[in-house]
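heads up, no residue letters with this:
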């Protein structure tokens with residue numbers, strides 16, 4: 001790892017990969033950067049929801065694979081294993097969580113809350129991925145799994161409420 005970097009909003013303009021890793025600066029929030037990053041990720045959900053299922057899956061796969069590099073690069077640049085300021089993984093995890101759901105306050109808020117709970121509490125098997133897999137892959141995988149688990153919970157809620165998606 002390189003020497004630790006203390007990024008600022010102005011320094012992010014000089015490093016577009018780090019800017020993505022830190023969620024366009026949302027990861028610099030002094031309070032709950034993961035939550036701040038997840039809030040910013042919500043802004044992209046309407047655009048993603050406008051895509052066909054095939055394109056949406058392709059974008060999520062691309063964002064996930066690219067995220068392995070982005071998060072690994074950012075962790076190396078910041079000189080830490082998984083600094084809280086890296087929030088690209090929250091972006092992708094939330095996008096997975098809300099894939100195929102209507103863009104409404106109910107689904108956005110429900111997805112946000114359930115995803116943050118999974119991401120913060122890290123129940124099994126998320127905790128195993130978080131502890132055992134290093135680098136950008138490890139940073140991404142626990143949030144991808146949190147996103148998948150959130151998606152499953154939301155589908156269960158839709159089914160219990162009799163909502164057809």
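On my side now, so go ahead. This is a predicted model, so every value here is computed, not measured.

any idea which element residue 83 lies in?
For residue 83, there is no host helix or strand (DSSP states H and E).

what residues are up against it?
74, 75 (CB atoms under 8 Å, 6 or more residues apart in numbering). To be clear about C-beta, it is placed using only N, CA and C from the backbone, and glycine gets the same treatment.

and if you look at the one 10 residues further on?
The contact partners of residue 93, by CB under 8 Å, 6+ apart, come to 115, 119, 143, 144, 146, 147, 150.

secondary structure class for it?
Secondary structure for residue 93, judged by DSSP: H, G, I helix; E, B strand; the rest coil, is helix.

what's the distance between it and residue 14?
27 Å (CB to CB, to the nearest Å).

now the protein, which segments are flagged as low pLDDT?
1-4 (pLDDT under 70).

which of the residues in the helix or strand encompassing residue 11 are buried?
Following DSSP H and E, one finds residue 11 within helix 9-12. For helix 9-12, a neighbour-count test (16 or more other CB atoms under 10 Å) marks residue 12 as buried.

Is it correct that residue 56 is in contact with residue 99?
Yes. Counting by CB atoms under 8 Å, residue 56 does reach residue 99; the two are 6.0 Å apart.

overlap in contacts of these two?
What both residue 56 and residue 99 touch, as defined by CB under 8 Å, 6+ apart, is the set residue 48.

more crowded one of the two?
Legend: neighbour count by other CB atoms under 10 Å for residue 56 and residue 99, higher for residue 99 (21 against 17).

I am finished for the moment; much appreciated.
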